[in-house]
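In: mind folding the following:
(one chain, ligands or ions: 2)
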Amino acid sequence: MEKLSTFIIDSDNNSRELIRNYSSEIDFIEITDCFNNIEDAYSTIVREQPHIVIVDLNDVSGKVFNYIEKVINTQNKTKFIVTALSYDTDSIIKAMRAGAREFLPKPIIKDDFEKTINKLKEQFYGTEKTTNCKIITLFSNKGGIGKTSIATNLALELANITKEKVALVDMNFQLGDVATFLDIKPSFDISYVVQNIDGTDDSFLLSTLDRYKDTNLYVLADPPYMEQAKDITPEQISKLFDALRKTFSYVIVDTSNVFYGKTITVLDNTDFIMLVTIVNIPAIRNCQRCLDIFERLGYDKDKTKIVVNRYMENDEVKAEDLEEALNKKVYWKIPNNYFTIMSSINKGLPVSLINENSNIAQSYRELATVLSDNIYKQKVAKRIQRNPLIDYKKLIE
Ligand SMILES: Nc1ncnc2c1ncn2[C@@H]1O[C@H](COP(=O)(O)OP(=O)(O)OP(=O)(O)O)[C@@H](O)[C@H]1O
Ligand SMILES: [Mg+2]
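Out: Ligands and ions are numbered 1, 2, ... in the order given. As a prediction, this is how the structure comes out:
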């Protein structure tokens, strides 16, 4: 097995020595180069494409985020681990958004170091079993509320912002709209994928899902014939989710508005349900019903996030009324902008390509930012929590 070549970028000699020591006990990595700052290291990283770069966030050049991003944009082999002694969660999130994959708080503890390196090894050799993938499903028990518009635009924004692989999956099973919204003619559909998923490796999904233009978004459409959808079983759906989790960092699912076996399987497999609603009295009642059902299904309260679509400040019923009726905070509000969304749907283009400065394009983009930031924060909090040498509570307040 080829050893994982690793660069250390840290101006502190002791830190470099510590990492060298830890590494000498791991047989599958080798430290191939050391630098004081990322600016000096940049051209060598681009030329040699090491597997791993361990870089200190307090890099003396002060340009660490820009350089991580530059490397990630030119080649996607190298994986970055960022380390830091004094830091705030915002700068770690910035590094993650630039493309860093892991974070190790200093002083680095051996066990943490080994776990992180092992995780990267599994990513390089394709044997990763546990992933950090988040499955986010757009749901509503009412039709025509905006699920597909949010799913497509959110998925694309997540792919652009996080630079990670994102899957958009149409689980309407019948009469899905995702392919139409993006104006694509997929070569394979969900029915083909679930029949062929057994025993396949990660590259199977990457080659069968349709990559959207040059982005990191991969689309899986519903089957063209209703009979094919009927034959898909809940077991196959769960298996598909297992495979998606191994290949993608985010999976955005568009659903139908009918509560039946397949929808429940989808919701069971979901990390976050975005319950989409508008603010009027019947919609609020429907939302209440949904929340009741989710409670009976045993879902944690935090699993469901309320997303108000077509929001207008001067509506008779306010978002606050909705919050009071549901006893739950509204997670996000998407403004009403019929003109832009209709133009986007009719042209088969995401709203950011119709008018990136429109209020609705901004809202989808900010939703993607908030969601991914929260997910990064949870990841960072977990890592810091495991380090007994750090008072993590202070850092995540
Ligand atoms: N933010 C918005 N502002 C104005 N109109 C919107 C907005 N979002 C969606 N719409 C309108 O709502 C319609 C339905 O949207 P969409 O198809 O995304 O809903 P859906 O919940 O997926 O519907 P279905 O139940 O048919 O799958 C769109 O055709 C568009 O006209
Ligand atoms: Mg739809």
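In: what about dumping the CA coordinates of the host helix or strand of residue 117 to PDB?
Out: Following DSSP states H and E, the helix or strand that holds residue 117 is helix 110-125. Coordinates of each C-alpha in helix 110-125 appear next as PDB, following Å, rounded to 0.1, in the frame of the first residue of the first chain:
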ATOM      1  CA  LYS A 110      -2.200  11.300  20.200                       C
ATOM      2  CA  ASP A 111      -5.400   9.400  20.100                       C
ATOM      3  CA  ASP A 112      -7.100  12.200  18.300                       C
ATOM      4  CA  PHE A 113      -4.300  12.400  15.800                       C
ATOM      5  CA  GLU A 114      -4.400   8.700  15.100                       C
ATOM      6  CA  LYS A 115      -8.200   8.700  14.700                       C
ATOM      7  CA  THR A 116      -8.100  11.600  12.200                       C
ATOM      8  CA  ILE A 117      -5.300  10.100  10.100                       C
ATOM      9  CA  ASN A 118      -7.100   6.800  10.100                       C
ATOM     10  CA  LYS A 119     -10.200   8.500   8.900                       C
ATOM     11  CA  LEU A 120      -8.400  10.200   6.000                       C
ATOM     12  CA  LYS A 121      -6.700   6.800   5.200                       C
ATOM     13  CA  GLU A 122     -10.200   5.300   4.800                       C
ATOM     14  CA  GLN A 123     -11.200   8.200   2.500                       C
ATOM     15  CA  PHE A 124      -8.100   7.600   0.300                       C
ATOM     16  CA  TYR A 125      -8.600   3.900   0.100                       C
END
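In: and that helix, what does it pack onto?
Out: On a contact count with 3 or more C-beta pairs under 8 Å, 6 or more residues apart in numbering; DSSP states H and E, helix 110-125 meets strand 4-9, helix 13-24, strand 79-84, strand 102-105. Backbone N, C-alpha and C define where each C-beta goes, glycine included.
In: what mean pLDDT does the longest one get?
Out: In this case it means helix 13-24. If you average the pLDDT over helix 13-24, you get 94.
In: in it, what's buried?
Out: For helix 13-24, the neighbour count (16 or more other C-beta atoms under 10 Å) marks 15-16, 18-19, 22-23 as buried.
In: paired strands for the following helix or strand past that helix, with orientation please.
Out: Towards the C-terminus, the helix or strand next in line after helix 13-24, according to DSSP H and E, is strand 29-35. Sheet partners assigned to strand 29-35 using DSSP bridges are listed as strand 4-9 (parallel).
In: and the angle for the partner strand with strand 79-84?
Out: Angular relation of strand 4-9 and strand 79-84 on a 0 to 180 degree scale: 30 degrees, by axes from the mean of the first three to the mean of the last three C-alpha atoms, to 10 degrees.
In: contact partners for the residue nearest to residue 287 when sequence neighbours are not counted?
Out: Closest residue to residue 287 apart from its sequence neighbours, by C-beta to C-beta, 6 or more residues apart in numbering: residue 277 at 4.9 Å. If you count contacts by C-beta atoms under 8 Å, 6 or more residues apart in numbering, residue 277 has them with 140, 142, 145, 283-284, 286-287, 306-309, 322.
In: buried only: go through these for me.
Out: When burial is judged by neighbour count using 16+ other C-beta under 10 Å, the buried members of the contacts of residue 277 are 140, 145, 283-284, 286-287, 306-309, 322.
In: of the residues you listed, which belong to helices?
Out: For these, membership in helices holds for 283-284, 286-287, 322, with DSSP state H as the criterion.
In: got any ranges where the stretch 51-200 of the chain has weak pLDDT?
Out: Flagging of the stretch 51-200 of the chain using pLDDT under 70 yields the residue ranges 87, 126-131, 199-200.
In: what residues does it put near ligand 2?
Out: Taking C-beta under 5 Å from the ion as the test, the list of the stretch 51-200 of the chain residues beside ligand 2 reads 147-148, 177.
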